[in-house]
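Q: Sequence and computational prediction follow.
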Amino acid sequence: MKKVVLFLLFISVLSCKEEKPKGWIDQERLNNRAAEDWLTLGGNEQMQHYSPLNNINASNVQDLGFAWEYDATTIIGNVPRGLEATPIVADGIMYTSGAWGAVYALDAKTGKQRWIYKPEVDASYARRACCDAVNRGLAVWEGKVYVGTLDGYLVCLDAETGSVVWSQDTFTDRTKGYTITSPPHVAKNIVMIGNSGAEYGVRGYVTAYDLKTGEQKWRFWIVPGEPKNGYETEEMEMAAKTWDVNSDWQTGGGGTSWGESAYDAEMNLLYIGTGNSTPYPIWYRSPSGGDNLFLSCIIAINPDNGKMVWYYQTTPSEIWDYTATQNIVLVDTEIDGKARKILMMAPKNGFFYVLDRATGELISAEKYTRVNWASHVDMKTGRPVLTEQGQWYKDKPKLVIPYLGGGHVWQPMSYNPNTGLVYIPERSVPQVFKAFDPYKYRDDVDNTAIDYSNMYKFSKNVPEQVTSAEDTLRTESLLAWDPVKGKVAWKFPEGGPDGGTMSTPELVFQGTRTGYFNAHDAKTGKKLKSIFTGNGIMAGPTTYSIDGEQYVVVMAGYGGAETYGYLPDGVIFQYQNKTRILAFKLGGGETPLPPKQIKIRTPAPPDTKIKEEHISKGAAIYESYCETCHGAFGEKHLSQHPDLSKLTEAKHMVFQDIVLKGILSQNGMANFSNSLTADDVEAIHNFLLKKQTELYKKEQEK
Ligand code: CA
């Protein structure tokens, strides 16, 4: 009898093992990550964006070439959208996400599609996405794939087939400007997801769902709601003490969490980063000031109950869009002769933070880029010490470094245990901060209360703007940072820095907006290989190995906040923005280039009389509602969305219906009937007609 039981037990253990299909990722597998796999967005549990694979190395990377491509074209409309996710690979199967929350499962050796998931997304949410209909990645866990859709659903898919297991609406209020662009993160029995929309006036939160059933387990609010309504959690009661009772509560406060999180299974702590404020000027948001918790924080949460274990605020009283949603990296290392379990982040505000990840204790905070708003971080209080430039820009504009895009944004930085260095896509851009005065909250549009019209116009004669000639410099780099010494190890200044990084023992890989995929020496920064792809690349690369052959893969497709029209060296203006996944291997071939961009001549404007009295009103509305996506006109048009000075006769005829009835909503052009009247649209139309007439005449004269 005993033997039979033992035998049956043996059989069931065996069959249990066999039941796990290819691509199955669980805690045990994560703890013993095989070099050939890339199991999370960051590759490993520590989210380091590092692989120990060294088949491709400093001595042979010159032979890196094209292996395959996969056409990851947008699932809605025909405007190419940015690709920002880092692919996950296990057992030769690749899972990754694209615009709107589409999911691709591919054979990682050939790029052949296994299945594709096309969510039925309400395309009108694109108008609320400050930074394009992008998606920053998914989670693969125990035979399931988890992804967020732009319009707010967290979807659980079967990893074998791509069929929907469950789907949950994560939004608390669909009248507000919420979207999801962020990746979900698995922590023990839950999958957590945040959202975006702080610029549009929302109140940030993250929500946790049961992995298997999708049942909501907890919600962690990031900023408090109106005090008279009471507080959902103890944390909110505590946070409310750092806000003016008479805060502009309808604006939501912001704080949305949309970056890469991390989970330490041994400590059972889930780490999230929180975003910026709405509106940016605190004198409108929380008039008497205050730290405004938990804006711009790094927070450790117990995933079993959603309670906060510790927090650290990087930018108290945030007024510059200084999110702390940048990617979180966990490292076990030695600092001052002591073994430490640390958490690292290089948030927008320009300081590189090293925290004890058990307690939240600040270990170091050094400037990794130029910073003029604070002189340093006081190690006793953990608070930044503000300079004159860091004071409120209430009465006069102030030139601040870093600008609202930060010293580092969402593009993942990577940590290399072999060199001990962190590789940061860094940039240093000054900006003049000027608040609108007066400011009034408006539903569903940009509520930052910032006048962007002259943000890059510096005046040497205005002392509150420029304190030295250097203040006006704009620089970019691939930066190697020593987190233990708290200083720069090397800096590679050439080329665009806007791609995420990935490192292997001897190399750092990074794509650029100028169309290259580069490999650098991890120790020195020297560029060892540069492949021209014709694609603007933003996403972080992945590496893995199949049958002993190592591949390096990156999602290539430009978009997002990067295309706001001030970086004319982007390759997007020479080659069409073909959104694809590119794979490289040793001995690979030439990378096929996308088709060249075609210059469209301005069509003859329709024979309509332009109503001059509408022009200035139309220009102002265009700036508030249209310019973020459509950008400027003619030669100055540096956006992939249509140049509205080149509208065809047919589009002119239905202009009102496009804007107010959403007849092009399936192309991603939203219906604006909630915020604009027929008169408003008439004004925009007249403004556009005037632009088209001017540009048409100019071209004819040439
Ligand atoms: Ca922001």
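A: Received the coordinates, thanks.
Q: Pull up the per-residue confidence for Gly496.
A: Looking at Gly496, its pLDDT is 61.
Q: oh sorry, the question was meant for Ile600
A: Ile600 is assigned a predicted lDDT (pLDDT) of 80.
Q: can you count the residues close to it?
A: Using other Cβ atoms under 10 Å, Ile600 has 10 neighbouring residues. Quick note: C-beta positions are derived from backbone N, CA and C, even for glycine.
Q: next one: Lys348
A: For Lys348, using other Cβ under 10 Å, the count is 28.
Q: Test my guess that it contacts Gly275.
A: No: counting by Cβ atoms under 8 Å, Lys348 stays clear of Gly275, with 9.6 Å between them.
Q: Quick check: the spatially closest residue to Pro417 that is not a sequence neighbour vs Met455, distance?
A: Closest residue to Pro417 apart from its sequence neighbours, by Cβ to Cβ, 6 or more residues apart in numbering: Tyr50 at 6.7 Å. Counting by Cβ to Cβ, to the nearest Å, the gap from Tyr50 to Met455 is 36 Å.
Q: From the neighbour counts alone, determine which of these two ranks first.
A: Neighbours around Tyr50 and Met455, counted as other Cβ under 10 Å, are more numerous at Tyr50. The numbers are 27 against 19.
Q: Next, the contact list for that one, please.
A: Going by Cβ atoms under 8 Å, 6 or more residues apart in numbering, Tyr50 touches Gly43, Asn44, Ser414, Tyr415, Asn416, Pro417, Met502, Ser503, Thr504.
Q: How about Trp410?
A: Neighbouring residues of Trp410 by Cβ under 8 Å, 6+ apart: Glu84, Arg136, Trp258, Gly259, Glu260, Thr325, Gln326, Asn327, Gly500.
Q: let's see it at 10 Å
A: Applying Cβ atoms under 10 Å, 6 or more residues apart in numbering, we find Trp410 in contact with 84, 131, 134, 136, 181-182, 258-260, 323, 325-327, 348, 425, 500, 538-540, 560-561.
Q: repeat for Ser59
A: For Ser59, the contact set (Cβ under 10 Å, 6+ apart) comprises Glu506, Leu528.
Q: Neighbour-wise, give me the winner out of the contacts of Tyr50.
A: Neighbour counts for the contacts of Tyr50, by other Cβ under 10 Å, peak at Met502, which reaches 32 neighbours.
Q: so when I look at that one, I'm seeing a strand, right?
A: Yes: under DSSP: H, G, I helix; E, B strand; the rest coil, Met502 sits within a strand.
Q: I'd say it and Gly42 touch.
A: Yes: at 9.4 Å, Met502 counts as touching Gly42 under the criterion of Cβ atoms under 10 Å.
Q: overlap in contacts of those two?
A: Common contact partners of Met502 and Gly42 (Cβ under 10 Å, 6+ apart): Gln48, His49, Tyr50, Thr86, Pro412, Ser414, Gly540.
Q: follow-up on the earlier one: who's the residue nearest to Pro417 bridged to?
A: Listed by DSSP bridges, the beta-bridge partners for Tyr50 are Ser503.
Q: So it versus Asn276, what's the distance?
A: Counting by Cβ to Cβ - Tyr50 and Asn276 are separated by 29 Å.
Q: just Thr73 next, same as before
A: Thr73 sits 32 Å away from Asn276, going by Cβ to Cβ.
Q: Looking at those two, which has the bigger crowd around it?
A: Set Thr73 next to Asn276 and count neighbours by other Cβ under 10 Å: Asn276 wins out with 26 against 15.
Q: doesn't Ser317 make contact with that one?
A: No: the criterion here is Cβ under 10 Å, and Asn276 misses it with Ser317 at 11.6 Å.
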